[in-house]
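Colleague: sharing a model prediction with you, sequence too.
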Number of protein chains: 2
Amino acid sequence: MRKVAIVGVGMSKFGEEWTRGFRDMMIEAGSRAIADCNLHGEEIDGIYVGTMAPGSLVGQEHIGALVADSMGLTPVPATRVEAACASGGVALRSGYMAIASGMHDCVVVGGVEKMTDTPGNEVASALGGAGDQEWELFMGATFPAIYALMARRHMLEYGTTEEQMAAVAVKNHANSAKNKYAHFQNEITLDTVMKSKYVASPLKLFDCAPITDGAAVAVLMPLEKAKKYCEQPIEIVASAQASDALALHSRTSMTSLRATQVAAKKAYELAGITPKDVDIVEVHDCFTIAEIMAIEDLGFFKKGEGGKASAEGKTALNSEISVNTSGGLKGCGHPVGATGVKQAVEVVWQLRGKAEGRQVKDCDVGMTHNVGGSGATSVIHVMKRA
Amino acid sequence: MRKVAIVGVGMSKFGEEWTRGFRDMMIEAGSRAIADCNLHGEEIDGIYVGTMAPGSLVGQEHIGALVADSMGLTPVPATRVEAACASGGVALRSGYMAIASGMHDCVVVGGVEKMTDTPGNEVASALGGAGDQEWELFMGATFPAIYALMARRHMLEYGTTEEQMAAVAVKNHANSAKNKYAHFQNEITLDTVMKSKYVASPLKLFDCAPITDGAAVAVLMPLEKAKKYCEQPIEIVASAQASDALALHSRTSMTSLRATQVAAKKAYELAGITPKDVDIVEVHDCFTIAEIMAIEDLGFFKKGEGGKASAEGKTALNSEISVNTSGGLKGCGHPVGATGVKQAVEVVWQLRGKAEGRQVKDCDVGMTHNVGGSGATSVIHVMKRA
């Protein structure tokens, strides 16, 4: 297999973008990524797009062709991939595979979701389709309810507290306040989180990632030609993915995501590193409890100690491990299909030393962790400077 | 890149399956494909599933994980791909790439769609999402209307007649009547087609593929280990894909699909063959005019002569080129995401010499041609006995 590098990245401003549609955001992010590596359109020979539910949200499927068409890139082969909230991560993995295999030489990987501006209750029901529709959504179990069950169990088994979860939100807002592309550009206090209303107890409003519009794009090439396009190519040294049961009640644990554990083990093997070697990680914090479970399942902290570590500041910028420097899903926002690609964009910026006010010092190894639904898909990538 | 072979195939009975859901059909097809190559579940290390609109049709996204979960295959990485009606074809291509790259050693490729049994008008609007939602569906242009425009233009430019289109339907029913998995197992006459009501003039009811439920599965492996699993591995000697504008009005032609022409050129180059070498082809006949355009765009007949060739029987079983031996989308049925994989299943059966009453003699080279929407995606595969 050929070595694969990211040569260009770009994203749209995340937020509630009432005046901009699916295509506009994709074009904005795509143009930035292409300009970032001085690429000519005719060099692109493959497109992968991650998006979760455009059929339900904007009445449009066939998103690969839509992107090729909107960006003036036809007849380049263009494919949409979907794994719920991990759609962006699987798109990145598909692009990686396309370059590694030798089938393509320059692939654009996009992630996008248009979530606001829908006429009715589409967002809650579309997101419910990430879980088990027959056994969960149909019975009324929306995503906050499912993650609330995991949080309660984590509290019971390990003594995790609501204050510890709140600390995750405070840290992620502190980071997103330094990110001009973030949905939320304001810091918050522990008090703000603790006094916010319950969405599904013990999860309060500020424990939950928002509904966001946005797009993110990365350009991938074989490593050997990457230097021609950018000063600092970022190599993808591991790509790993795993699946699990859709429904929470079919899992072996409510406080760990097996898919994350399996994918992480594989990713560390492929990259030849241990959790200690990772300097920055973008984890999937759709709810604050999800970040706590992720930093445990990825091996940065022992199972049950993620809450405590978060409250003690061990995951803040330039601490033991800098977690969600972009602001994560909570602070930067969560346009579902875009998130997995945005995580890669942030890691590339950090490894290049171009993350502005939130730059982590001595940052050599970065990781992205993107989860679909309540954990039925997990996709992990490890990156280093080439 | 490694050479790739199909070692096992299976499909569910296509039809209006009122008592069987999405998961049931996938399990039925998957079990048959796995049994077909004496595979143990633990050998499978990757899953790709093509499906177009399960979010709109059955309220479920995250289909990769759903399939891994339903088939007891977690934690195997599982990804859904989508390119509207070409979703099955892009799934096959993803599986091909996964094996060719060396990232996976045994991949299950599935295609599935559950289209009947939806509560309202979901099917027409979901299918409309394969075209340009903003410029076509929103204005009332459903798929029969779009293909009717192409048919009218083909009639004007080349003198193609309604009788010639009807001949395609008659031939495809003659083939599907010999296929126990087909939706329609009855022959029809030219009179039946010509007397059927107009859906969108000049296309009549019998010019249109039906709404069908079904699933199809293929198991892929590196060629060097394929012989251990089956008597006759079928090698995929070419995989090619191209895109075009979603909306018909943005295309350079209304009587050719540029995406098909581009993908076909690439496929012939990769396989080192010409159209004359192809013995059987499964083309995307969502409407009879689509088969006529396909056999022209693929180079089997000159542009404008596809209608005449069809009426003269040149595409029937064991004629100049055997087109849609399965019965095609018209006779075998069109569960959208399943179609591209079902085409491969039929070609494998033909190349193995196991196509029962519809077996083509001296069948050495087979091709599949799967189209998304009205032509914005085209995926072509060429196969030979290994």
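Modeller: Perfect, thanks for sending it.
Colleague: quick check: the residue of the stretch 101-250 of chain A nearest chain B.
Modeller: A:S101 (3.2 Å; Cβ to the nearest Cβ). (C-beta placed from N, C-alpha, C; glycine too.)
Colleague: tell me how many other residues crowd A:P119.
Modeller: Neighbour count of A:P119, defined by other Cβ atoms under 10 Å in any protein chain shown: 5.
Colleague: now swap in A:V81 and tell me
Modeller: Neighbours of A:V81 (other Cβ under 10 Å): 31.
Colleague: surely it is in contact with B:A78?
Modeller: No. Because the distance of 11.2 Å does not satisfy Cβ atoms under 8 Å, A:V81 is recorded as not touching B:A78.
Colleague: is A:V237 in a helix, a strand, or coil?
Modeller: strand (DSSP: H, G, I helix; E, B strand; the rest coil).
Colleague: pLDDT score assigned to it?
Modeller: With respect to pLDDT, A:V237 scores 98.
Colleague: now do the strands in chain A.
Modeller: A:4-11, A:46-50, A:78-82, A:107-113, A:198-200, A:203-204, A:214-222, A:234-243, A:280-282, A:322-323, A:365-372, A:377-385 (DSSP state E).
Colleague: what are the pairing partners of the second one, and which direction each?
Modeller: Using DSSP bridges, the neighbouring strands of strand A:46-50 in the sheet come out as strand A:78-82 (parallel), strand A:107-113 (parallel).
Colleague: got it, and the fifth one?
Modeller: In the sheet containing strand A:198-200, its partner strands are strand A:203-204 (antiparallel), by DSSP bridges.
Colleague: what does the partner strand rub up against?
Modeller: Strand A:203-204 has contacts (Cβ atoms under 8 Å, 6 or more residues apart in numbering or on different chains) with A:144, A:147-148, A:151, A:162, A:165-166, A:193-194, A:196-198, A:287-289.
Colleague: what do you get if the cut-off is 7 Å, keeping everything else the same?
Modeller: A:P144, A:Y147, A:A148, A:A151, A:V193, A:S196, A:K197, A:Y198, A:F287 (Cβ atoms under 7 Å, 6 or more residues apart in numbering or on different chains).
Colleague: pull out the buried members of those.
Modeller: A:P144, A:Y147, A:A148, A:A151, A:V193, A:S196, A:F287 (16 or more other Cβ atoms under 10 Å in any protein chain shown).
Colleague: quick one, what contacts the last one?
Modeller: This means A:F287. A:F287 neighbours (Cβ under 7 Å, 6+ apart): A:Y147, A:L203, A:D207, A:C208, A:A209.
Colleague: one more: the fourth one?
Modeller: For A:A151, the contacting residues are A:M165, A:P202, A:L203, A:I289, by Cβ under 7 Å, 6+ apart.
Colleague: redo these as TSV? Include neighbour count and pLDDT.
Modeller: Shown next, in TSV, are these (neighbours: other Cβ atoms under 10 Å in any protein chain shown; pLDDT from 0 to 100):
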residue	neighbour count	pLDDT
A:M165	29	98
A:P202	18	98
A:L203	23	98
A:I289	29	98
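Colleague: now go through these and say which are in helices.
Modeller: A:M165, A:I289 (DSSP state H).
Colleague: dump the contacts of A:A151 to a markdown table, plus distance to A:M1.
Modeller: Shown next, in a markdown table, are these (distance: Cβ to Cβ, whole Å):
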| residue | distance to A:M1 |
| --- | --- |
| A:M165 | 40 |
| A:P202 | 45 |
| A:L203 | 41 |
| A:I289 | 37 |
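Colleague: now that A:R152 has come up, it's in contact with A:P202, right?
Modeller: Yes. In this structure, A:R152 is within contact of A:P202 by Cβ atoms under 7 Å, at 6.4 Å.
Colleague: how far away is the residue lying closest to A:A264 once chain neighbours are set aside from chain B?
Modeller: Nearest residue to A:A264, sequence neighbours excluded (Cβ to Cβ, 6 or more residues apart in numbering or on different chains): A:L298, at 5.1 Å. A:L298 is 15 Å from chain B, where distance means Cβ to the nearest Cβ, to the nearest Å.
Colleague: what residues does A:L298 make contact with?
Modeller: So A:L298 contacts A:T260, A:A264, A:P275, A:V281, A:V283, A:H369 (Cβ under 7 Å, 6+ apart).
Colleague: nearest residue to the fifth one in space, please, no chain neighbours.
Modeller: Spelled out, it's A:V283. A:V283 sits nearest to A:A294 (Cβ to Cβ, 6+ apart), 3.9 Å away.
Colleague: and for that neighbour, the neighbour number?
Modeller: 27.
Colleague: how far does the lowest-mean-pLDDT helix or strand in chain A sit from the chain's center?
Modeller: Ranked by mean pLDDT, DSSP states H and E, the weakest helix or strand in chain A is helix A:122-128, scoring a mean of 86. Between the centre of helix A:122-128 and the centre of its host chain there is 19 Å, according to Cα atoms, centre = their mean, to the nearest Å.
Colleague: and stretch A:49-63, C-alpha only, in PDB?
Modeller: Extracted in PDB, the C-alpha atoms of stretch A:49-63 (Å, rounded to 0.1, in the frame of the first residue of the first chain):
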ATOM      1  CA  VAL A  49     -18.300  12.800   0.700                       C
ATOM      2  CA  GLY A  50     -19.500  11.900   4.200                       C
ATOM      3  CA  THR A  51     -23.000  13.100   5.000                       C
ATOM      4  CA  MET A  52     -25.600  11.400   7.200                       C
ATOM      5  CA  ALA A  53     -29.200  12.400   6.400                       C
ATOM      6  CA  PRO A  54     -29.600  14.800   3.400                       C
ATOM      7  CA  GLY A  55     -32.500  12.700   2.200                       C
ATOM      8  CA  SER A  56     -34.500  13.500   5.300                       C
ATOM      9  CA  LEU A  57     -33.100  17.000   6.000                       C
ATOM     10  CA  VAL A  58     -32.900  18.600   2.500                       C
ATOM     11  CA  GLY A  59     -34.700  16.100   0.200                       C
ATOM     12  CA  GLN A  60     -31.500  15.300  -1.700                       C
ATOM     13  CA  GLU A  61     -29.600  12.000  -2.100                       C
ATOM     14  CA  HIS A  62     -26.900  11.300  -4.700                       C
ATOM     15  CA  ILE A  63     -24.500  13.600  -2.800                       C
END
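Colleague: tell me how far that stretch lies from the chain's centre.
Modeller: 18 Å.
Colleague: could you do stretch A:98-117 as well?
Modeller: On Cα atoms, centre = their mean, the centre of stretch A:98-117 falls 14 Å from that of its chain.
Colleague: and the strands paired with strand A:46-50 as CSV, adding mean pLDDT and distance to B:G10?
Modeller: As requested, these are exported to CSV (pLDDT from 0 to 100; distance: least, Cβ to Cβ, whole Å):
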stretch, mean pLDDT, distance to B:G10
strand A:78-82, 98, 24
strand A:107-113, 98, 32
